[in-house]
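Participant: turn this into a structure:
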Amino acid sequence: QVQLVESGGGLVQPGGSLKLSCAPSGFTFSNYWMYWVRQAPGKGLEWVSIINTGGRSTYYADSVKGRFTISRDNAKNTLYLQMNSLKFEDAAVYYCAKDGGFNTMDYWGKGTLVTVAS
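Facilitator: Predicted coordinates:
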């Protein structure tokens, strides 16, 4: 069955960096666009970034553009999110998600918590 396991979250000071990873299984990773989304405490889901199958096309929410970088290694079956210049408002649970077609996401991981505090 499809599984997505995120890792790499933790506590970081404002201005710091973290790199999240997502390990997918149960499907052919290289055939699917992949997402990162996040949910801050008390708020709804926010789309963060998306990457195409080959990794050459990437898109970002305005809130993270220029600070976050999505990437993938299809040979290692891994999705990444490099987060730099972190702000208090970046604190959230971060999820990777598999593209379900027609701008939907059909499978999610359990998330990894990013805390930004001084």
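Participant: how close does Gly66 sit to Met83?
Facilitator: From Gly66 across to Met83, the span is 12 Å (Cβ to Cβ, to the nearest Å). To be clear about C-beta, it is placed using only N, CA and C from the backbone, and glycine gets the same treatment.
Participant: these two: who's more crowded?
Facilitator: Of the pair Gly66 and Met83, Met83 is the one with more neighbours under other Cβ atoms under 10 Å, namely 25 against 9.
Participant: Leu20 is in contact with that one, correct?
Facilitator: Yes - the pair Met83 and Leu20 qualifies as a contact (Cβ atoms under 8 Å) at a distance of 7.0 Å.
Participant: find residues that contact each of those two.
Facilitator: Counting by Cβ atoms under 8 Å, 6 or more residues apart in numbering, the residues touching both Met83 and Leu20 are Val114.
Participant: contacting residues around Phe29?
Facilitator: Phe29 makes contact with 72, 74, 77, 79 under the criterion Cβ under 8 Å, 6+ apart.
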